[in-house]
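1. only the shape, not the letters, is given here:
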């Protein structure tokens, strides 16, 4: 069976409606054609995003707005974009906002950077008047209980389009969470209160479905793996990884066999993410499966199906968020504080996001997995140097989820060589003070380490999902 291509690719569905006040058209005959050209340009730019665009056209009054509302409701969009081409009344857009069931973004993009005041008449000015109804929309949305967000600029304003793109990407991540299928295999690592997850709260806060799996679901698939499939996975492994001298061929072959079984598991259950743990006993098959997970889980994570050990479902979800923002997201915890170099050292044993490694990742053979049973091969690398964002999903005592994030920079320097991912992160402050602030945020002891500065995207996602965003700064 072929490995599943992750739900990469469910593209977000973006509804688009443009409009203006119909009373103007007979008064200023040249205005509507100009506004329609602007709307066509917005449609062109919208189609450049990696999204499915549902364009319901141009509306001129409340009746046409109601028709557009029904079309967009039926389309089941992830985000509605309303283009204010000139003044329009709130009655034209409020029904769309209320009935669509999707978040609404209003855009006010005038034709150019500024009017030509010397030559403009009233009709020419009205093409620049999209800002006029924006406070009206905000007021009306507040009074009917619809969250409000907007982007103002001009048609070819790249800053405005960058902000629009941010909302579209956030809508895409929200869609992945709402429609996602998340595997949870095995049992809780004994004693980890912070990792314990109420499955109902996943659906309640994010949507989606949690598929409860057994290690036997993996066992039967591993038993069905053919030798030629193992050889193909070994060839892939040697291409992706550098192999340390400590790698035992028997352990590597077993890890490759488990990796093929994991591919089948993900495909059969149509999973977007996976969290797992099994303690095992005395070298029996379930212990061997748990020990053989690291290679396959790392390859899955690099392919866009995040896999996290220690039953860390909320962290695999945080990894999924980061991955869909194009920033990777590697399974991470605190390792040590380096006060001499003013960095926090963090990473994890087990799977890592190979796509964001600073260099070719290493497979190292280990005779023991610290804190876990079994032995075999483990992944070792440093996250790509430069700006990074930590992203975790915390949970309050009333069951509410919150996104916890902090931006820093991965810098070079000495690293442990023990088969763990390890990165040195500079937060621009005393490592101890940052660690205290991060721990006080309510984040669990695992999170995702992602490349780039994601706070603007996370703010948009928090807005669209209704989750609190806790930003831990230096």
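-> All right, it came through fine. All of these numbers come straight from a predicted model, not from anything done at the bench.
2. and stretch 138-150, which residues are buried?
-> 140, 141, 146, 148, 149, 150 (16 or more other CB atoms under 10 Å). Backbone N, C-alpha and C define where each C-beta goes, glycine included.
3. hmm, who's touching that stretch?
-> By CB atoms under 8 Å, 6 or more residues apart in numbering, the residues outside stretch 138-150 that reach it are 90, 94, 97-98, 103-108, 134, 137, 167, 463.
4. distance between it and the chain's centre?
-> Averaging C-alpha positions (CA atoms, centre = their mean, to the nearest Å) puts stretch 138-150 26 Å from its chain's average.
5. got it, and stretch 313-325?
-> 6 Å.
6. now stretch 335-354
-> How far stretch 335-354 lies from its chain's middle: 22 Å, per CA atoms, centre = their mean.
7. tell me the secondary structure at residue 360.
-> The three-state label given to residue 360 by DSSP: H, G, I helix; E, B strand; the rest coil is coil.
8. and it, how many residues sit next to it?
-> Counted by other CB atoms under 10 Å, the residues lying close to residue 360 total 11.
9. tell me how far the closest residue to it other than its chain neighbours lies from residue 154.
-> Closest residue in space to residue 360, ignoring its immediate chain neighbours: residue 242 at 5.0 Å, by CB to CB, 6 or more residues apart in numbering. Plainly put, residue 242 is 50 Å away from residue 154 if you go by CB to CB, to the nearest Å.
10. and the two? which has more neighbours close in?
-> residue 154 (17 against 14).
11. next up, the contacts around the residue nearest to the more buried one when sequence neighbours are not counted.
-> Setting aside the residues directly before and after it, residue 154 is nearest to residue 110 in space (CB to CB, 6+ apart), at 5.0 Å. By CB under 8 Å, 6+ apart, the contact list for residue 110 reads 127, 128, 129, 130, 131, 153, 154, 155.
12. picking that back up, pretty sure the residue nearest to residue 360 is touching residue 362, no?
-> Yes: with contact defined as CB atoms under 8 Å, residue 242 counts as touching residue 362 (4.9 Å).
13. stretch 391-410: end-to-end distance?
-> The straight-line separation of the ends of stretch 391-410 (CA to CA, to the nearest Å) is 15 Å.
14. tell me how far it lies from the chain's centre.
-> 13 Å.
15. doesn't residue 280 lie inside a helix?
-> No: applying three-state DSSP, one finds residue 280 to be coil, outside a helix.
16. what is the neighbour count of it?
-> Using other CB under 10 Å, residue 280 has 19 neighbouring residues.
17. and the nearest residue to residue 471 once chain neighbours are set aside, helix, strand or coil?
-> Closest residue to residue 471 apart from its sequence neighbours, by CB to CB, 6+ apart: residue 405 at 5.9 Å. The three-state label given to residue 405 by three-state DSSP is strand.
18. tell me the bridge partners for residue 405.
-> The residues listed as beta-bridge partners of residue 405 by DSSP bridges are residue 391, residue 471.
19. ok, it touching residue 470?
-> Yes: using CB under 8 Å, residue 405 makes contact with residue 470 at a distance of 7.2 Å.
20. more neighbours, the two?
-> residue 405 (27 against 18).
21. got the contact list for that one?
-> Under the criterion of CB under 8 Å, 6+ apart, the neighbours of residue 405 are 389, 390, 391, 392, 454, 455, 458, 469, 470, 471, 472.
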